[in-house]
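Asks: Dropping a prediction and its sequence here:
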Amino acid sequence: MIPDSRLVILLREQLKFLRTSAREFDRGNEAESKRLATTLRVLFHNTNHSKSLFHQLGMEGCKMLRAPEQFRKQELLDHVFFKTDKTGSFAVPRLDQSRLTETTLEVWWDLQIVHSYPPSTKSYAGIRRIQYTRKDVVLAAANKDGGAHVDPTLEEFYKHLAAEGEGAVGMTVHVTPTHGPREQLRAENTHLAMIRDFTFEVLESAERYQW
């Protein structure tokens with residue numbers, strides 16, 4: 001049992017921030033994902049000069065809920081799916097409670113792969129793919145893309161997740177559910193949808209393990 005203290009009050013406050021921004025995201029304000037990223041950084045990110053709230057609370061050994069690893073070549077599909085309507089294509093967070101499985105905080109934050117870049121296509125032949133974790137995506141949004149700071153440059157993997165047009169993340173699907181012509185769905189909000197799904201995992205974990 002964690003003693004009642006200022007740190008516990010701050011943990012509850014940070015979880016409230018997550019719930020509030022998650023609701024706003026679900027109402028259509030997807031930019032709230034950058035606030036989500038900043039709060040996730042406060043909760044989980046450690047540096048030599050700044051320790052996470054979980055570290056200060058002695059909670060780094062806690063259990064987490066995560067999406068299963070089902071899409072080995074496009075890991076981001078564990079967290080989002082793509083839809084299209086009259087306005088175009090867009091990524092949607094899965095938010096699927098039935099798929100969650102237990103893991104450790106270390107695996108959830110810093111080890112499980114959620115995206116590989118460059119994508120595995122002929123256009124990137126000969127270029128070594130680099131794998132990225134929740135930590136990488138969250139810190140890119142929080143530290144460089146307007147969560148807590150704006151950087152003049154973004155990392156290439158994150159630019160790919162946030163790109164528009166032909167450079168955007170996408171997947172090829174059948175126009176009809178089982179057969180027929182195929183089309184490429186591309187989305188410029190994949191990074192935001194992924195962060196919303198990471199937040200879903202955190203909030204489900206908080207409820208399951210009674211933080």
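Replies: On my side now, so go ahead.

Asks: Can you show me the helices along the protein?
Replies: 6-26, 32-44, 53-56, 105-106, 134-144, 156-162, 190-209 (DSSP state H).

Asks: Could you give me the buried positions within the first one?
Replies: Residues 7, 11, 14, 15, 17, 18, 21, 22, 24, 25 are the ones in helix 6-26 that count as buried (16 or more other C-beta atoms under 10 Å). C-betas here are computed from N, CA, C, even on glycine.

Asks: With distance to residue 42 as extra columns, can I get the residues you listed in JSON lines?
Replies: As requested, those are exported to JSON lines (distance: C-beta to C-beta, whole Å):
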{"residue": "7", "distance to residue 42": "12"}
{"residue": "11", "distance to residue 42": "10"}
{"residue": "14", "distance to residue 42": "6"}
{"residue": "15", "distance to residue 42": "11"}
{"residue": "17", "distance to residue 42": "9"}
{"residue": "18", "distance to residue 42": "10"}
{"residue": "21", "distance to residue 42": "13"}
{"residue": "22", "distance to residue 42": "15"}
{"residue": "24", "distance to residue 42": "18"}
{"residue": "25", "distance to residue 42": "18"}
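
Asks: Which of those sits closest to residue 202?
Replies: residue 18 (6.4 Å; C-beta to C-beta).

Asks: before we move on, the earlier item: quick one: closest of the helices of the chain to residue 68.
Replies: helix 190-209 (11.4 Å).

Asks: So which elements touch that closest one?
Replies: Secondary-structure packing of helix 190-209 (3 or more C-beta pairs under 8 Å, 6 or more residues apart in numbering; DSSP states H and E): helix 6-26, helix 32-44, strand 63-66, strand 80-85, strand 88-93, strand 113-117, helix 134-144, helix 156-162.

Asks: at 7 Å instead, please
Replies: For helix 190-209, the packing partners by 3 or more C-beta pairs under 7 Å, 6 or more residues apart in numbering; DSSP states H and E come out as helix 6-26, helix 32-44, strand 63-66, strand 80-85, strand 88-93, helix 134-144, helix 156-162.

Asks: Determine the angle, from 0 to 180 degrees, between that helix and helix 32-44.
Replies: 50 degrees (axes from the mean of the first three to the mean of the last three C-alpha atoms, to 10 degrees).

Asks: Outside of helix 190-209 itself, list whatever touches it.
Replies: 15, 18-19, 22, 25, 30, 33, 36-37, 40, 62-67, 76, 79-80, 91-95, 97, 100, 114, 134, 137-138, 141, 158, 161-162, 169 (C-beta atoms under 7 Å, 6 or more residues apart in numbering).

Asks: PyMOL command for the buried members of those?
Replies: Restricted to buried positions by 16+ other C-beta under 10 Å, the PyMOL selection for the contacts of helix 190-209 reads:
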select buried, resi 15+18+22+25+30+33+36+37+40+64+65+66+67+76+79+80+91+93+94+95+100+114+134+137+138+141+158+161+162+169
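
Asks: buried sites along stretch 139-159?
Replies: 139-145, 147-148, 154-155, 157-158.
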